[in-house]
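In: Kindly return the folded structure for what I paste below:
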Amino acid sequence: MINKRIRQHADTVNAALESMLEARREAVPQVLWSAMQYSLLAGGKRVRPALMLESFAACGGSGDILPAALSIECMHTYSLIHDDLPSMDNDDLRRGRPTCHRRFDEATAILAADALQALSFELLAGQPADAAVRVDLIRRLAMAAGAAGMVGGQVLDMQAESESVVDIREVEHIHSLKTGALLRYSCEAGALLAGADAHAVEACSRYGIAVGLLFQITDDMLDATASSEALGKSAGKDAAQSKATYVSLLGLEQAAAFARRTHGAALEAAELLGEDGNSLRDFATYIMERGQ
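Out: Purely as a prediction, here's the structure:
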């Protein structure tokens, strides 16, 4: 059931992304527009928009929150383009095809990512909602994506590559920022757009923290066990680049055990929403099963 819902969310988001970009085509230099489209419409499960939409529904929301859902996908795609650059992870493959800087060039890729980051805030500012809610969401997204969030986590991740000793708490902190911050934001944003009370917003926030951690653990496991064809990106790069991961520190068996405990924490947070949290519980199980 949750697999079908995630596919439905992805189809909805993909169609809306395509329409949104097409409406901006004439105003954007062609090569820049092409690079933005190439990366933004490359596919993927659209996990972050789906989490936002599911959190919104779990908190009793009604109405259109697609602008906010598209916003988080633009922010995520910007991060992927930068993450693949030669100065970062230096990857040639993303979602089964050449990375943006390989398909175009490095300068165009950087600028396409910059444009998508700005577009993310433009879309969020246009989300139909009370002005105070929109301002709060813009602030939260800036914090989740910025120096105290995703970008800060990326810096810590690069620094950890040159450190001889990195413990599991450091890895958890890195990925709570690099990967987890935008996932947590997605869940919080869904609750806030639904007009949820403080209890429900906190439940979604706790859920987002656990799901963000779970997503990274399973991602580390997949990098160590799956093929490049299955992943749609270069497999085994974590080990090749001596990255500190849950697998490199714990081994596959203990990483899987850690994933199960984190999955339990996500379920506990979703239970705070009562029966309305059923789909979020299913979503957490879906994420855990990625690594199996």
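In: Now do the contacts for A129.
Out: Contacts were defined as CB atoms under 8 Å, 6 or more residues apart in numbering; by that measure A129 touches 137, 193. For every residue, glycine as well, the C-beta is placed using N, CA and C.
In: so which strand or helix has it?
Out: Using DSSP states H and E, A129 falls within no helix or strand.
In: any idea how far R261 is from T245?
Out: When CB to CB, to the nearest Å is applied, the distance between R261 and T245 equals 17 Å.
In: The two: which is more packed in?
Out: T245 (24 against 12; other CB atoms under 10 Å).
In: For the more buried one, list the residues it contacts.
Out: For T245, the set of contacting residues under the criterion of CB under 8 Å, 6+ apart consists of 171, 220, 223-224, 238.
In: out of the residues you listed, which is most surrounded?
Out: Neighbour counts for the contacts of T245 were taken using other CB under 10 Å; the highest belongs to D220, with 26 neighbours.
In: mind checking how far it is from K243?
Out: For D220, the distance to K243 under the criterion CB to CB works out to 9 Å.
In: Can you list the helices and strands that the helix or strand hosting R169 packs against?
Out: R169 belongs to helix 168-178 when elements are defined using DSSP H and E. When contacts are defined as 3 or more CB pairs under 8 Å, 6 or more residues apart in numbering; DSSP states H and E, helix 168-178 sits against helix 150-160, helix 198-225, helix 246-271.
In: Counting neighbours, which bits of the shortest one end up buried?
Out: For helix 150-160, the buried set under the neighbour-count rule, 16 or more other CB atoms under 10 Å, comprises 150-154, 156-157, 160.
In: Please apply the same query to the last one.
Out: Along helix 246-271, the positions that meet the burial threshold by neighbour count (16+ other CB under 10 Å) are 246-250, 255-256, 258-259, 262-263, 265-267, 269-270.
In: list the contacts for L272?
Out: 199-200, 202-203, 206.
In: thinking again about what came up before, could the contacts of T245 be laid out in CSV, adding pLDDT and distance to L119?
Out: Output for those, formatted as CSV (pLDDT from 0 to 100; distance: CB to CB, whole Å):
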residue, pLDDT, distance to L119
V171, 90, 32
D220, 91, 30
D223, 86, 29
A224, 85, 34
D238, 62, 30
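In: Please tabulate the helices and strands packed on helix 168-178 in a markdown table and include distance to V47 as additional columns.
Out: A markdown table is the format used below for the helices and strands packed on helix 168-178 (distance: least, CB to CB, whole Å):
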| stretch | distance to V47 |
| --- | --- |
| helix 150-160 | 15 |
| helix 198-225 | 7 |
| helix 246-271 | 13 |
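In: if we compare these, which one ends up closest to V166?
Out: The minimum distance between V166 and those falls on helix 150-160, with 5.0 Å, by CB to CB.
In: Okay, angle between that closest one and helix 168-178 too, please.
Out: Helix 150-160 and helix 168-178 are oriented at 140 degrees to each other (axes from the mean of the first three to the mean of the last three CA atoms, to 10 degrees).
In: which residues are contacting helix 150-160?
Out: Contacts with helix 150-160, where a contact means CB under 8 Å, 6+ apart, come from 79, 82-83, 88, 144-146, 166, 170-171, 173-179, 181-182, 243-244.
In: Also stretch 210-225?
Out: Stretch 210-225 is touched from outside by 47, 51, 172, 175-176, 178-184, 187, 230-231, 235-239, 245-248, 252, 255-256, 258-259, 262-263, 265-266, 269, 283-284, 287-288, 290-291, with contacts defined as CB under 8 Å, 6+ apart.
In: low-scoring stretches of the stretch 51-200 of the chain, by residue?
Out: 164-165 (pLDDT under 70).
In: What segments of it are helices?
Out: Chain-ordered helices for the stretch 51-200 of the chain, with DSSP state H, counting those that start in this stretch as the definition, fall at 66-84, 100-103, 106-125, 131-145, 150-160, 168-178, 180-193, 198-225.
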